[in-house]
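Novice: fold the following, please.
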Amino acid sequence: MTGYVVRRFLWLIPVVLTVATVTFLLTSLTPGGPWDKEKRLPAVARRNLDAKFGLDKPRWFNPEAAAAKRAAGVDNPLTLARAYLDSQYFNYLFGLCRFDLGPSYQSKGTESVQSIIRERFSVSMRVGLVALAFSLLVGLPLGALGALRQHTWLDYTSVVTSTIGISIPSFVIGLLLIILLRAQFGISPIRRPEAWGGLGPAYLLPGVVLGLGTMAIVARLTRAGLLEIKRQDYVRAARAKGLGEARIVARHMAGNALIPIVTIIGPATAELLTGSIVVEAIFGVPGLGREFVSSIDARDYSLIMGTTLFYAVLIALANVLVDLSYGLLDPRIRVGR
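Specialist: Predicted coordinates for the structure are as follows:
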């Protein structure tokens, strides 16, 4: 089991390298640069900023620097290789190995990407925790009631609610709620920045809107899983032995029904915790998703790279934890690891 865990975590390294390479390639193909503003900077200022942040170097490789070292009489292979790799891409990878995501271009180097992610992610994480709690506390009972009371009004309510949650986008529901609360009750759910300091009521509405889609998926999977399992022979045998319905559901049905739910909850948790760009923009949440949008608009390449890698690592870790949790839910899956 230990070897399997180590292998799964080692696979995160090529995932991070692939995401970093693809993101760097896409940003390098994007026209413009971080200093392209409405008020154009002087050429001298642009050159100084490029030199400060290493944007004056080649993007991928630097054969000119290696040739200059060789012309100066340097024949050390390590020194020549270092000069050849003195480029934007490899300098970023070397910084990534030191867990350094670089400075933010938008702040002219006064803020690091790590500090921005740390500050903004704390807000997105609170919204995501509310969304996750809502999706599980509502989705699991809703799906279970629909399966255990099939063809009753509870089942029809479960199906209709989950269908609405899947079909209607979160931004549509968010806008409708804002209009309804403002027009009917005179309440504005959009809060000032100071309202997002702690886990207060400001997080409730955006968290519920963000978690509606996940809640609907959890309800559908719970209902489908329990409907399939309740017809299995071992469940019928448990009923024939005279076991109570609650005990049958808890000991014989819940574990197997949770496997597909855990599969979707892992990546969904990472997505909810990192925040939704649209929901944060609608409710004025100063989270990481909103910061990611502004970094794209400002062509803040280091912040774009850092946020994308942060998202990728969270989703990859969630998938690893999901794989490990399978063995806890069903001991048969541990065989062969």
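Novice: give me the neighbour count for the closest residue to residue 55 other than its chain neighbours.
Specialist: Once flanking residues are discounted, residue 55 sits nearest to residue 88: 6.8 Å by CB to CB, 6 or more residues apart in numbering. Where you see a C-beta, it was placed from the backbone N, CA and C, and this is true even at glycine. Other residues near residue 88 number 20, with proximity taken as other CB atoms under 10 Å.
Novice: same deal with residue 30?
Specialist: Neighbours of residue 30 under the rule other CB under 10 Å: 11.
Novice: doesn't residue 304 make contact with it?
Specialist: No - Residue 30 lies out of contact with residue 304 (CB atoms under 8 Å); the separation is 9.3 Å.
Novice: residue contacts, residue 26?
Specialist: The contact partners of residue 26, by CB atoms under 8 Å, 6 or more residues apart in numbering, come to none.
Novice: quickly find the element holding it.
Specialist: helix 12-29 (DSSP states H and E).
Novice: of all the residues in that helix, which ones are buried?
Specialist: Going by neighbour count (16 or more other CB atoms under 10 Å), the buried part of helix 12-29 is 19-20, 23-24, 27.
Novice: now flag whichever of those is closest to residue 216.
Specialist: Closest approach between the buried residues of helix 12-29 and residue 216, by CB to CB: residue 19, at 28.8 Å.
Novice: I'd say that closest one and residue 308 touch.
Specialist: Yes - at 6.4 Å, residue 19 and residue 308 qualify as touching, with contact defined as CB under 8 Å.
Novice: give me the element the residue nearest to residue 287 when sequence neighbours are not counted is part of.
Specialist: Closest residue in space to residue 287, ignoring its immediate chain neighbours: residue 124 at 3.6 Å, by CB to CB, 6+ apart. Per DSSP H and E: residue 124 is located in helix 113-148.
Novice: list the buried ones in that helix?
Specialist: Within helix 113-148, the residues that count as buried by 16+ other CB under 10 Å are 113-114, 116-117, 120-121, 123-132, 134-136, 138-140, 142-148.
Novice: just list the residues touching the residue nearest to residue 144 when sequence neighbours are not counted, thanks.
Specialist: Once flanking residues are discounted, residue 144 sits nearest to residue 222: 5.7 Å by CB to CB, 6+ apart. Taking CB under 8 Å, 6+ apart, we find residue 222 in contact with 139-140, 142-144, 146-147, 257, 261.
Novice: the most far-flung residue of the chain relative to its centre and residue 80, how far apart?
Specialist: Of all residues in the chain, residue 73 has its C-alpha farthest from the mean position, at 49.6 Å, by CA atoms, centre = their mean. Per CB to CB, to the nearest Å, residue 73 is found 11 Å from residue 80.
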